[in-house]
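Participant: From the sequence below, what's the structure:
(one chain, ligands or ions: 3)
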Amino acid sequence: MKFGGTSVGDAGAIGRTVDILARYHAEGHEVAVVVSAMSGVTDQLHAIAAEAESSVEEPPIAAFIQALRAKHLKTLEAAAPGQAEEVGAVINERLVNLEHILTAVHALHELTQRSKDYIVSYGERLSALILSAAIRERGIPSTALDGCEAGILTTSKHGDALVLPQSDPRIHSRVVPLLMDGMPVITGYMGCTPEGIVTTLGRSGSDYSAAIVGRAIDADEIWIWTDVDGVMTSDPKIIADVRVLPYVSYREAMELSYFGAKVLHPKTIEPAMEKDTIVRVKNTFNPDSPGTVVRRQEQKEKRVVKAITHIARVALVNINGVQMIGRPGVAREIFTALGDAGINVMMISQASSQANISLIIEENDLPLALEVLSAPVKSGLVREVTSDRNVVAIAVIGAGMAGTPGISGRIFTALGQAGVNVMMISQGSSEVNVSFVVRQDESRKALQVLHDEFRLSEECKDE
Ligand code: ADP
Ligand code: ASP
Ligand code: MG
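Facilitator: Ligands and ions are numbered 1, 2, ... in the order given. Now for the predicted structure:
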């Protein structure tokens, strides 16, 4: 069971989390717990690390540490009063360490990828101590482990590390013995390389940590506890009349998370899929609601389209030039240049005239992409490269779309009738999704128009 940041956001939330855990413990389940940082803390750690590096003035490190200490100690005192002193001392020790590191970053004005990962992993290293203490306070034995102690070994790609397969037996041998009578609490988001260097798994990566632990310990199910009732037909922060999807398939969940449904990290599904383990998404603040089951089986609904997602922080890159017509190898040149620079291309579309290739990449990657694409412009292979940051990628998702004619027609007719201009279209060969790009200021309208067109707020019977 993985609990997200809001599920441990304050002492009240931790109390609910422990209620849930105590209930499953009493029912005789063996539960390994993976926990995120208290909500907001990871963002703050990223911000202070950047400030420590770049600030010419004295950065507010001491004040930051003081605030973090107050927040965590206050929560600990409320959630586990009997252990406030003992666990509080460990929290203090960790914060002293963190303060030293931030001070060193400022002194050197250098924040390496390695030090950044080390710093931002502290959120989980503090929350896990508190949750574990709160579990013990209820009379259930519990040990807090960081990702490295739990045996999670990763590649050295800082900020977006992948878990190495040799982690599984290590995690198994370290975590399973702790399940016999208690509930180990493992920090999400962090792991370390085989050399012992701390890494992080990408923002929102605790879901991925949970899936890895689940696979390694042969869990019957992997449960993601969050702040909404499950995987929904669209982002509930944008669309008012969203509905919880009782079932989604692995393929659909992967597409949903890849195309912006923040409720699951995109890397969560694969480890679960390998062992056919069910992933359940549930609400810590409404635990009796059934949530969403993610499983292999594809349930064809009559309606075909299941969900609409969006990704906001992207950029559109247009590569234009008649020189490309009929010339082999141009696409290879472009994608090799981007790939070598480590830039992930999220969507591709090529006009059949071949005079134009459009790409969607992460907004952060845009400066680098424009830099590496200046080479084919200089060599005359392409005429010009233009870009646009004010765009949003939207994906219409549903396994039933494969082989159902007319879906694209409905999507683009509905958008056209609503006056939404579509800038780029791409359909994956899986046919689980149709994705397209619109201007930022039209994205909300586009989402709502499609949510209405496919009547996603209404229940739908299975086929
Ligand atoms: P946690 O901190 O528990 O990991 P996250 O904030 O990472 O929680 O993910 C849950 C959030 O994902 C929800 O509050 C919701 O705003 C957002 N979200 C975006 N798209 C969807 C979707 N299709 N279904 C459910 N939630 C979604
Ligand atoms: N705390 C990390 C983040 O905010 C990981 C997570 O919450 O899943 O990105
Ligand atoms: Mg999350």
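Participant: can you tell me the helix or strand for Leu381?
Facilitator: Taking DSSP states H and E as the definition, Leu381 sits outside all helices and strands.
Participant: Next, count neighbours for it.
Facilitator: 17 (other CB atoms under 10 Å). Where you see a C-beta, it was placed from the backbone N, CA and C, and this is true even at glycine.
Participant: Test my guess that it contacts Arg332.
Facilitator: No: applying CB atoms under 8 Å as the test, Leu381 and Arg332 come out as separate, 10.8 Å apart.
Participant: Going by proximity to ligand 1, name the top residue of this structure.
Facilitator: Closest to ligand 1 within the chain is Gly4: 1.8 Å, counting by CB to the nearest ligand atom.
Participant: Any idea how many residues pack against that residue?
Facilitator: 26.
Participant: mind listing what the residue in the chain positioned nearest to ligand 3 touches?
Facilitator: Nearest residue of the chain to ligand 3: Ser204, at 3.9 Å (CB to the ion). By CB atoms under 8 Å, 6 or more residues apart in numbering, the contact list for Ser204 reads 262, 265.
Participant: Would it be right to say that it lies in a strand?
Facilitator: No: counting by DSSP: H, G, I helix; E, B strand; the rest coil, Ser204 is not part of a strand but coil.
Participant: Let's see the pLDDT reported for it.
Facilitator: Ser204 carries a pLDDT score of 96 in this model.
Participant: Ser430 too?
Facilitator: 64.
Participant: same question, the one 3 residues further on
Facilitator: For Asn433, the pLDDT comes out at 87.
Participant: can you dump the C-alpha coordinates of stretch 415-429 into CSV?
Facilitator: The C-alpha coordinates for stretch 415-429 follow below in CSV (Å, rounded to 0.1, in the frame of the first residue of the first chain):
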residue,chain,number,x,y,z
LEU,A,415,-13.9,20.2,-31.6
GLY,A,416,-14.6,21.9,-34.9
GLN,A,417,-18.1,22.7,-33.9
ALA,A,418,-16.9,24.2,-30.7
GLY,A,419,-14.4,26.4,-32.7
VAL,A,420,-11.3,24.7,-31.2
ASN,A,421,-8.4,24.9,-33.5
VAL,A,422,-6.4,21.6,-33.6
MET,A,423,-2.7,22.3,-34.3
MET,A,424,-1.4,18.7,-34.6
ILE,A,425,-2.8,15.2,-34.5
SER,A,426,-1.2,11.8,-33.8
GLN,A,427,-2.6,8.4,-33.3
GLY,A,428,-0.6,5.6,-31.7
SER,A,429,-0.6,2.3,-33.6
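Participant: Please compute how far it lies from its chain's middle.
Facilitator: The chain centre lies 26 Å from the centre of stretch 415-429; the measure is CA atoms, centre = their mean, to the nearest Å.
Participant: and it, which residues are buried?
Facilitator: For stretch 415-429, burial by neighbour count (16 or more other CB atoms under 10 Å) applies to 415, 420, 422-424, 426-427.
Participant: Same question for stretch 172-184.
Facilitator: For stretch 172-184, burial by neighbour count (16+ other CB under 10 Å) applies to 172, 174-175, 178, 182-184.
Participant: could those residues be laid out in CSV, adding pLDDT, secondary structure and distance to ligand 1?
Facilitator: CSV is the format used below for these (pLDDT from 0 to 100; DSSP: H, G, I helix; E, B strand; the rest coil; distance: CB to the nearest ligand atom, whole Å):
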residue, pLDDT, secondary structure, distance to ligand 1
His172, 98, helix, 25
Arg174, 98, helix, 24
Val175, 98, helix, 21
Leu178, 97, helix, 23
Gly182, 94, coil, 24
Met183, 98, coil, 19
Pro184, 98, coil, 20
